[in-house]
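Asker: Sequence and predicted structure are below.
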Amino acid sequence: MIRRQATPRDPMLIIRNADVYAPHPLGTQDLLLGGGRVLWMGAPGALPALPAVLQAGSEELDLAGARLIPGLIDCHVHVTGGGGEAGFRSRVPPVGLSRFTTAGVTTVVGVLGTDDVTRTPGELLATVQALREEGLNAWAWTGGYHLPPATLTGSVRGDLVHLEPFVGIGELAISDHRSSQPTLDELLRLAADAHVAGLMTGKAGVLHLHLGDGPRGLELVRRALDTSELPPRVFHPTHVNRRRALFDEALDLARAGCTIDLTAFPVEEGEDAYTAADALARYLAAQAPAERITVSSDAGGCLPCFDGDGRVCRMDVGQAGALLATIAELTGRGLELGRVLPAFTANPARLLRLARKGSIGAGQDADLVALDATGAARTVIIGGNVHVRDGVALRRGMFEH
């Protein structure tokens, strides 16, 4: 997203006494924000005097030592609402702006899931544009669970090349009774389309894969890597913590060069799954490549449980707040915040080729979250604009009450 440079009419925001995690720890810093960017960052008291014309319109925010982190990047969100597996009444409503911002999420990537018939790419694109108009950073995956993929231009490559908000293809379902049961050749063709479109446009060019709990697991992805020239970075499997054996497979894929995605969904005691906190802790302890793991929320998506006949027996809905809750759980276990944060910030920014996001520094986008003592979002800034102050949303979507 192109942002213009600061002018004398732009409001300037000075942040003082922030304990900055960029995502690595930098200690106490002051920051100057303007024109949607971080213009300066340095030691407290070292900010040069501003010209009078800029100083008159500036605002100061003293964080008094609160932790300041990059805004969270949620790479798997059902912005239009997901669901639909238990009849039309089970279609989840769209997710409002403040549900993201109060959870510290400043960037989302929207997906279509099981229902890519009544939910369409056009609706997804319009919802992404609406969130942008409301101040959130938003992109989308083209396609959905099924083959042939749902598109706007007639091909996934065309969508990626001609429609700026689309950054990759997904979430294509594999190892799931709800999928189109894609063959290896079909998977390779979609991955190649994503890769080539990425080369043409400078976009991520990633194939985002929904993993079900089927016993085949990641077999198709392993075969794709073994039988093609495609780079491993093209494949981005998600929900890989839904079965413990699946997570072990994904760990091997990360070592082979893929980036894997954990989902921050609830896990019941005794269930054959890992919470996102458990899985990320295991991943880091295994000394797998630290840059090849992301965590997403599946916000707005249906989290169903199926019986032996493939019918929904119960369901829940993903929440954006699960990301900060996962971070708080991990730091509560004693893991360093700077070690945990990249999976929620710098890693998805790198994978999605969002060059000015996922970190804090001069020239980076001013997407920032100040945490309170419990790890909740106290202040949220997107593009230099304050969306949440003292935990209360100052901006809401047009239809939010």
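Answerer: Good, I have the coordinates. Residues are numbered from 1 along each chain as shown.
Asker: Quick check: which ranges of the stretch 51-200 of the chain have low pLDDT?
Answerer: Within the stretch 51-200 of the chain, the ranges that satisfy pLDDT under 70 run 52-56, 84-85.
Asker: all helices in it, in order from the N-terminus.
Answerer: With DSSP state H, counting those that start in this stretch applied, the stretch 51-200 of the chain shows helices at 52-55, 97-101, 121-133, 156-162, 184-201, listed in chain order.
Asker: To Ser359, which of these lies closest?
Answerer: Set against Ser359 and scored by Cβ to Cβ, the helices of the stretch 51-200 of the chain come closest in helix 97-101, at 19.5 Å. C-beta here means a position set from N, CA and C on the backbone, and glycine is covered the same way.
Asker: I'd like to know which elements the closest one is packed against.
Answerer: strand 377-382, strand 385-389, strand 392-393 (3 or more Cβ pairs under 8 Å, 6 or more residues apart in numbering; DSSP states H and E).
Asker: And the contacts of the first one?
Answerer: Counting contacts by Cβ atoms under 8 Å, 6 or more residues apart in numbering, the residues outside strand 377-382 that touch it are 13, 33, 61, 63, 66, 71, 101-104, 106, 135-137, 324, 366-372, 386-391.
Asker: Strands of the stretch 1-150 of the chain, start to end?
Answerer: 13-21, 25-34, 37-42, 59-62, 67-70, 72-77, 105-110, 137-142 (DSSP state E, counting those that start in this stretch).
Asker: which of these sits most buried?
Answerer: Sort the strands of the stretch 1-150 of the chain by mean neighbour count, taking mean count of other Cβ atoms under 10 Å, and strand 72-77 sits at the top with a mean of 30.
Asker: ok so, going back, could you dump the helices of the stretch 51-200 of the chain into CSV and include distance to Gly334?
Answerer: CSV is the format used below for the helices of the stretch 51-200 of the chain (distance: least, Cβ to Cβ, whole Å):
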stretch, distance to Gly334
helix 52-55, 43
helix 97-101, 29
helix 121-133, 36
helix 156-162, 42
helix 184-201, 39
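Asker: picking up where we left off before, for the strands of the stretch 1-150 of the chain, give me TSV that also has distance to Val92.
Answerer: Below are these laid out as TSV (distance: least, Cβ to Cβ, whole Å):
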stretch	distance to Val92
strand 13-21	33
strand 25-34	35
strand 37-42	35
strand 59-62	35
strand 67-70	28
strand 72-77	12
strand 105-110	13
strand 137-142	17
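Asker: closest to Pro237 out of these?
Answerer: strand 72-77 (11.1 Å).
Asker: and that closest one, what does it pack onto?
Answerer: Applying 3+ Cβ pairs under 8 Å, 6+ apart, we find strand 72-77 packed against strand 105-110, strand 260-263, strand 293-296, helix 322-332, helix 346-352.
Asker: ok now whatever helix or strand comes next after the second one, how far from the chain's centre?
Answerer: By that I understand strand 260-263. Note on strand 260-263: by DSSP states H and E, the next helix or strand toward the C-terminus is helix 276-285. On the basis of Cα atoms, centre = their mean, to the nearest Å, helix 276-285 sits 18 Å off its chain's mean C-alpha point.
Asker: now helix 276-285: mean pLDDT?
Answerer: Per-region confidence: helix 276-285 scores 98 on mean pLDDT.
Asker: Thr80 is in contact with Gly113, isn't it?
Answerer: No: in this structure Thr80 lies outside contact range of Gly113 using Cβ atoms under 8 Å: 9.5 Å.
Asker: list residues touching both of the two?
Answerer: Arg119.
Asker: Give me the residue at the spatial middle of the chain.
Answerer: The residue lying closest to the centre of the chain (Cα atoms, centre = their mean) is Asp74, at 1.7 Å.
Asker: so that residue bridges to which residues?
Answerer: Going by DSSP bridges, Asp74 is paired in beta bridges with Val108.
Asker: how about Ala256, phi and psi?
Answerer: Here is the backbone geometry of Ala256 (degrees, to the nearest 10): phi -90, psi -10.
Asker: list the contacts for the closest residue in space to it that isn't next to it in sequence?
Answerer: Nearest in space to Ala256, with sequence neighbours left out and distances taken as Cβ to Cβ, 6 or more residues apart in numbering, is Pro232 at 5.5 Å. The contact partners of Pro232, by Cβ under 8 Å, 6+ apart, come to Leu225, Leu253, Ala256, Gly257, Cys258.
Asker: ok, now Thr238?
Answerer: So Thr238 contacts His76, Glu171, His208, Leu209, His210, Leu211, Ile260, Asp261, Leu262, Thr263, Ser296 (Cβ under 8 Å, 6+ apart).
Asker: want to try a markdown table for the residues you listed, with distance to Val196 as columns?
Answerer: As requested, those are exported to a markdown table (distance: Cβ to Cβ, whole Å):
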| residue | distance to Val196 |
| --- | --- |
| His76 | 23 |
| Glu171 | 20 |
| His208 | 16 |
| Leu209 | 18 |
| His210 | 22 |
| Leu211 | 24 |
| Ile260 | 23 |
| Asp261 | 22 |
| Leu262 | 28 |
| Thr263 | 28 |
| Ser296 | 25 |
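Asker: so which of the residues you listed is the most crowded?
Answerer: Ser296 (32 neighbours; other Cβ atoms under 10 Å).
Asker: ok, now how distant is the closest residue to that one other than its chain neighbours from Ala22?
Answerer: Residue nearest to Ser296 in three dimensions, not counting chain neighbours: His76, with 3.6 Å by Cβ to Cβ, 6+ apart. According to Cβ to Cβ, to the nearest Å, His76 and Ala22 sit 24 Å apart.
Asker: Good, wrapping up.
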